[in-house]
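[1] output the structure for:
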Amino acid sequence: MAHGPELRPDTLRFCPLCGGGLAQRIVLPDGPQHPVCAGCGFVFYLQPKVVAGTIPVRGGRILLTRRAIEPSRGLWTFPGGYVDWGEDVRSAARRETLEEVEMAVRLDGLVGIYSYPDSPVVVVVFRATVPDGVEPVPNADEVLEVAYFRPDEIPWDALAFPSTREALKDWVTGLGV
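    Here you go, the predicted model:
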């Protein structure tokens, strides 16, 4: 799959307000460089993307999804996706779970927040309860299959992202397992 230039502060070329050229400048004393418009002075602060996810639990087992899309197609993760502009993170976690596996879950608290150097993504993961009688239905556009796993059955060697691994470890640790 061919990719164009990666969106990073050092690859931005034009001001989104006036179209002028951007140059890397230090904005605040002792601060990092940011793209600044030579024409209007706009400072382009490229912000991270926020992902909200859930670890749905029923009877001590967690629901994982096998990804149908890149990146990490075919690997396991929990339901999650990008938070929309102006959307509450908790609402996004519930929405993404509903979109990916057609389940309305109840959030039970925060598992953790995960970010990594040189990555534009911050991942916020919640514990969630699956209501009795509700079965997951995979959204074929995003999910190849779904399965429930006990803590000792988690497919550690086939997880999609570092944040998946860390959140699941934090979830297991929180159980005292």
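[2] how about the helices in this structure?
    All helices of the chain, identified by DSSP state H, fall at 89-101, 162-175.
[3] output the contacting helices and strands for the first one.
    Just to be clear, that refers to helix 89-101. Applying 3 or more Cβ pairs under 8 Å, 6 or more residues apart in numbering; DSSP states H and E, one finds that helix 89-101 contacts strand 49-58, strand 61-67, strand 80-82, strand 106-115, strand 121-129, strand 143-149. (Glycine included, C-beta is placed from N, CA and C.)
[4] repeat the analysis, applying 6 Å as the threshold.
    Contacting helix 89-101 under the criterion 3 or more Cβ pairs under 6 Å, 6 or more residues apart in numbering; DSSP states H and E are the following elements: strand 49-58.
[5] what's the closest of the helices of the chain to residue 59?
    Closest approach to residue 59 among these is made by helix 162-175 (13.0 Å; Cβ to Cβ).
[6] among the helices of the chain, which is the most enclosed?
    Burial of these is given as mean neighbour count (mean count of other Cβ atoms under 10 Å); helix 89-101 ranks first at a mean of 20.
[7] hmm, who's touching it?
    Outside helix 89-101, the residues that touch it by Cβ atoms under 6 Å, 6 or more residues apart in numbering are 52, 54, 65, 79-81, 83, 103-105, 107, 124, 126, 136, 139, 142-143, 146.
[8] okay, the angle between it and strand 49-58?
    70 degrees (axes from the mean of the first three to the mean of the last three Cα atoms, to 10 degrees).
[9] contacts only, for the residue minimising distance to the centre of the chain.
    Closest to where the C-alpha atoms of the chain average out (Cα atoms, centre = their mean) is residue 51, at 2.9 Å. Residue 51 makes contact with 80, 82, 121, 123, according to Cβ under 6 Å, 6+ apart.
[10] so what's it scoring on pLDDT?
    With respect to pLDDT, residue 51 has a value of 98.
[11] cool, residue 10 as well?
    83.
[12] next, count neighbours for the nearest residue in space to it that is not next to it in sequence.
    Distances taken as Cβ to Cβ, 6 or more residues apart in numbering place residue 24 nearest to residue 10, at 6.7 Å, with adjacent residues excluded. Neighbours of residue 24 under the rule other Cβ atoms under 10 Å: 12.
[13] next one: residue 54
    Applying other Cβ under 10 Å, I find that residue 54 has 31 neighbouring residues.
[14] still on that earlier bit, mean pLDDT added to the helices of the chain, as CSV?
    CSV is the format used below for these (pLDDT from 0 to 100):
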stretch, mean pLDDT
helix 89-101, 98
helix 162-175, 95
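[15] format those as CSV; extra columns: distance to residue 47.
    Output for the helices of the chain, formatted as CSV (distance: least, Cβ to Cβ, whole Å):
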stretch, distance to residue 47
helix 89-101, 14
helix 162-175, 18
